[in-house]
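K.L.:
Got a predicted structure here, sequence first:
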Amino acid sequence: MRTILVDDERANLENLQVLLAKNCPEVKVVAIANNINDAFEKVKLHRPDLLFLDIQMGKTTGFDLLNLLPEKTFEVIFVTAYDNYGIQAVKFAALDYLLKPVDPDELIAAVSKAKERITNKMNSEQLSFLLNQIKRSEPAVPKIALPQQHEIRYVSIDDIVRCVADNTYTFFYLSTDEKILISKPLKEYADLLKPQGFIRAHQSHLVNPKYVKSWLKEDGGTLLMNNGHKIPVSKPNREMVKAVLGK
Amino acid sequence: MKKLLFSWILILSFQSYAQVRLDTLYNRPFEKGSQYWSYGMSSKYTFTFTVDNETKNVSSIIADPLSARRSVIYLDRAKNISLMCWIYAKSLDNFRYTILENDSVILAKDVIPRTVSKNKNSYYIDFGRFNIVDKTISIVFYEKNKSESDYKFAFYNKDVKPVDLLSAQVIEVFKNPEIKNFKNKEGKFVRREVTTGKVLTLNNGSILFSKNLSYVEIKIKPVENVFLYKVLLQRINNSSEVISKLVQPSWNYDSEGNMVAKLDIDNLSKEGKYELEIIPAIGFRRLTSNKAKKIIFDVSTEKLFSTKQLITSALLFSLIVGAITGGLAVYVKNKQIKEKVAEQAKQKEVAQLKLNSVRSQLNPHFLFNALAGIQNLMNKNEIDNANRYLSKFARLTRNVLDSKELISLTEEKTLLDDYLQMEQLRFGFQYKINASTDLDKENIEIPAMLLQPFVENAVKHGIAEKSNDGEITVTFEKQVSNLVLKISDNGKGFDTTQTYNGLGLALSKNRISLLNTIYKETPFILDIQSDTNGTTVTITLTQWL
């Protein structure tokens, strides 16, 4: 895999080079860049398969670089030091990222995932989705990318009725009466969707309050959804759920 | 085994035993045959069981003060028990049951009841025979598709120990508790209870009884069989007569994980020397002859003056003084009440803030020593290991900085793993983290950084000195609807009654009582057992699952 590393700190570039050489022999680093202009030229010149892209680089971001490149014919693994707003958008787009300092095991996993995706040519659409989400100054209703086995669904958050955990999998129930199975744990989506107002009513249930009809007293506390479904509310969460719904 | 005959039908409506009622201890019958008992649990179940002829006593149904849907039967020295039941329902398809030993060992899980015989709308079920020597056997009924258990029925067949009174206090409430929802600084809603009042401790003291006193609050350490404990109140009057009274209190957990109950203040309305004692009893029969620590105190009542003159002059005097001070006192008292209410509201508000700050304290000692450990790996040229430990270190610090309120059991397990591996690098001990398979680790969440300080203590005080022989075990366990988190080490132990200056333990206790002000309905119970063979810390998140 022809690869370019982009980071504004030299030490990080060197670290990544050493770790890739040691752990990922299939990765061939063809160029490194420490600013987005340099990176832009090198991507055009080398047409890489894979880009390791730092999110925050001084006043510019890795997203700025992607905006400069009209054709996204490469896979991107984002690298960031701290879980901030940028990484949030990356998660919404279901793209891959690494946290610094990079864990060798996580690096190996990310590279092998990227390899698989390069063969399936899955990426450009997700990258455009990500850039669209970021461009919108105040996203009216954000969308989320739900990666299924053979396609990626882009779903408006308003259309998600609820999510149900099934071990490390999550079922999405949409307003169109569709039910989608995603191979990520509910916890990950709870972290993404709670700031959007979703309620974790139960260890296995995440609910969009928009679709809640009423609070039933049965079994100590149950949410009745507009479509008649009943969602249990576990005891530790009751006060929180009542407070949120009472608003 | 030979069984003795006893036939007893006691049908109670659901309501009658859900309320506090006086329980009874039935003597072992001396006739030969099978000892057969039958209790109507609700309109749905009539429960029957037989016990062996070694059984000395059997109690009536005792309501569990901590759970409205759990009842207990006390057995005295039973060896075996056979459980049977009539279920009144059209079909058994939706019924399931689980049988537990000591609320932890699963004897049967989510089993569909098997019919022995059937009437029109009722089924006779045989659950089997169980060894019950020094055990609790519980049966949990529920209906499929209902997340909460329908009914729990426990047989308690263990030795009963006396329990020491921690404190007894008289509370004078100025203003009744009010429950309100407040918005805190983060915009989240927090439930708060505001009570204004005064506390008088009874331990070996004396009080003056007055109509203004509200109730007596007694406190004991948590016990698993609290339903057996009653309050024995004995008064010795001026003629040296002893007047005894047995009160069935309604126990509950307080914010520190102890058990408290309220007694009517009228129990102290007469003058005399009082003795307060907690005894395990059924009906009026003590279940053990061992004595526990009592609390002794004197009660006096307001005296009337003996002569008319004294009364008149006192009245006159008090009228004048009263008029002057009365106004002043009302003003001062009102001001005090207002200040107290405001202060308590403020206290609860800072609870959340404090919680945040307590959570975010990772021992700086650990942080820098961990970095030194990585430095050591670098200097030894163990680059791969240095990389791995560095990532672990990053994950730990990130978790502290993120200050998430809740994390999943899986995440907690990873963090403890990271932490213990870092410490292993320094001290070289053994550790295990076990999570029982019936826990949905990916989706059950607990407050972040709840266990870390205890694990840190286990390393620091428990096994740091033992190096390779040291062993730490962390377990996550499900006990009915409780989540039980346990940390044990084989270190040299410490005196749990001593208050140590060590920040970790104090902070954690503080944190748990803060959590209890937020999760009022599902209290956290902290139990620390320590002897020279090691320390076990148990945190029970009651009703958490």
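P.N.:
Yes, it's here. Residues are numbered from 1 along each chain as shown, chains lettered A, B, ... in the order given.
K.L.:
need the residues of chain A near chain B, please.
P.N.:
Taking Cβ under 8 Å from any Cβ of the partner chain, the part of chain A that reaches chain B is made up of A:19, A:22, A:82-83, A:99-106, A:165, A:167-168, A:185-187, A:200, A:202-204, A:219-220, A:232, A:234-236, A:238-240, A:243-244, A:246. Yep, even glycine has a C-beta here, placed from its N, CA and C like the rest.
K.L.:
Tell me how far residue A:215 lies from residue A:241.
P.N.:
Residue A:215 sits 8 Å away from residue A:241, going by Cβ to Cβ, to the nearest Å.
K.L.:
thinking again about what came up before, looking at the residues of chain A next to chain B, which are in strands?
P.N.:
Counted as lying in strands by DSSP state E, out of those, are A:99, A:165, A:200, A:202, A:232.
K.L.:
Kindly state the domain boundaries assigned to chain B.
P.N.:
In the domain annotation for chain B, the residue ranges read B:5-157, B:165-301, B:364-541 (automatic domain parsing).
K.L.:
In CSV: those domains, plus mean neighbour count and mean pLDDT.
P.N.:
CSV is the format used below for these (neighbours: other Cβ atoms under 10 Å in any protein chain shown; pLDDT from 0 to 100):
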stretch, mean neighbour count, mean pLDDT
domain B:5-157, 17, 73
domain B:165-301, 16, 80
domain B:364-541, 18, 83
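K.L.:
Neighbour count: residue A:215 and residue A:241, which is higher?
P.N.:
residue A:241 (22 against 15; other Cβ atoms under 10 Å in any protein chain shown).
K.L.:
And that one, what's its pLDDT?
P.N.:
Here the pLDDT value assigned to residue A:241 is 86.
K.L.:
With residue A:8 instead?
P.N.:
88.
K.L.:
Run a quick neighbour tally on it.
P.N.:
15.
K.L.:
cool, and residue B:159?
P.N.:
11.
K.L.:
residue contacts, the residue nearest the centre of chain A?
P.N.:
Against the mean C-alpha coordinate of chain A, by Cα atoms, centre = their mean, the closest residue is residue A:91 at 1.5 Å. With contact set as Cβ atoms under 8 Å, 6 or more residues apart in numbering or on different chains, residue A:91 has these partners: A:97, A:188, A:192.
K.L.:
Which pLDDT value goes with the last one?
P.N.:
So that's residue A:192. pLDDT, residue A:192: 89.
K.L.:
wait, it sits on residue A:92?
P.N.:
Yes. Using Cβ atoms under 8 Å, residue A:192 makes contact with residue A:92 at a distance of 6.4 Å.
K.L.:
Find residues that contact each of those two.
P.N.:
Residues touching both residue A:192 and residue A:92 by Cβ under 8 Å, 6+ apart: residue A:144.
K.L.:
more neighbours, these two?
P.N.:
Of the pair residue A:192 and residue A:92, residue A:92 is the one with more neighbours under other Cβ under 10 Å, namely 22 against 17.
K.L.:
In space, what's closest to the more buried one - neighbours in sequence excluded?
P.N.:
residue A:144 (5.2 Å; Cβ to Cβ, 6 or more residues apart in numbering or on different chains).
K.L.:
Pairing partners for that neighbour in the sheet, please.
P.N.:
residue A:155 (DSSP bridges).
K.L.:
domain ranges for chain A?
P.N.:
Listed domain ranges for chain A are A:2-135, A:157-246 (source: automatic domain parsing).
K.L.:
where's the shortest one relative to the chain centroid, distance-wise?
P.N.:
This points to domain A:157-246. Computed by Cα atoms, centre = their mean, to the nearest Å, the chain-centroid distance of domain A:157-246 equals 20 Å.
K.L.:
With stretch A:46-58 instead?
P.N.:
From the chain centre to the centre of stretch A:46-58 is a distance of 17 Å (Cα atoms, centre = their mean).
K.L.:
before we move on, what about stretch B:110-120?
P.N.:
On Cα atoms, centre = their mean, the centre of stretch B:110-120 falls 35 Å from that of its chain.
K.L.:
contacts for that stretch?
P.N.:
Residues outside stretch B:110-120 that contact it (Cβ under 8 Å, 6+ apart) are B:84-85, B:87, B:92-93, B:95-99, B:123-127.
K.L.:
End to end on it, go ahead and measure it.
P.N.:
End-to-end distance of stretch B:110-120: 25 Å, with Cα to Cα, to the nearest Å as the criterion.
K.L.:
likewise stretch B:71-80?
P.N.:
Terminal-residue distance, stretch B:71-80 (Cα to Cα): 20 Å.
K.L.:
Now do it: everything it contacts.
P.N.:
With Cβ under 8 Å, 6+ apart, stretch B:71-80 has contacts from B:1, B:17, B:25, B:39, B:41, B:51-52, B:54-64, B:81, B:129-133, B:151-157, B:225, B:227-228, B:282, B:287.
K.L.:
Quickly note the distance from the residue lying closest to residue B:292 once chain neighbours are set aside to chain A.
P.N.:
Closest residue to residue B:292 apart from its sequence neighbours, by Cβ to Cβ, 6+ apart: residue B:162 at 3.4 Å. Look at residue B:162 and chain A: by Cβ to the nearest Cβ, to the nearest Å, they are 32 Å apart.
K.L.:
How is residue B:162 assigned, secondary-structure-wise?
P.N.:
Classification of residue B:162 using DSSP: H, G, I helix; E, B strand; the rest coil returns coil.
K.L.:
all helices of chain A, in order?
P.N.:
With helices called from DSSP state H, chain A shows them at A:10-23, A:36-46, A:62-68, A:85-92, A:104-120, A:123-135, A:186-193, A:238-246.
K.L.:
Give me the helices and strands touching the third one, please.
P.N.:
In terms of contacts (3 or more Cβ pairs under 8 Å, 6 or more residues apart in numbering or on different chains; DSSP states H and E), helix A:62-68 is packed against helix A:36-46, strand A:50-54, strand A:75-80, helix A:85-92, helix A:123-135.
K.L.:
Could you pull up the residues touching residue B:229?
P.N.:
For residue B:229, the contact set (Cβ under 8 Å, 6+ apart) comprises B:163, B:220, B:223, B:249, B:251, B:278-281.
K.L.:
Thank you, goodbye.
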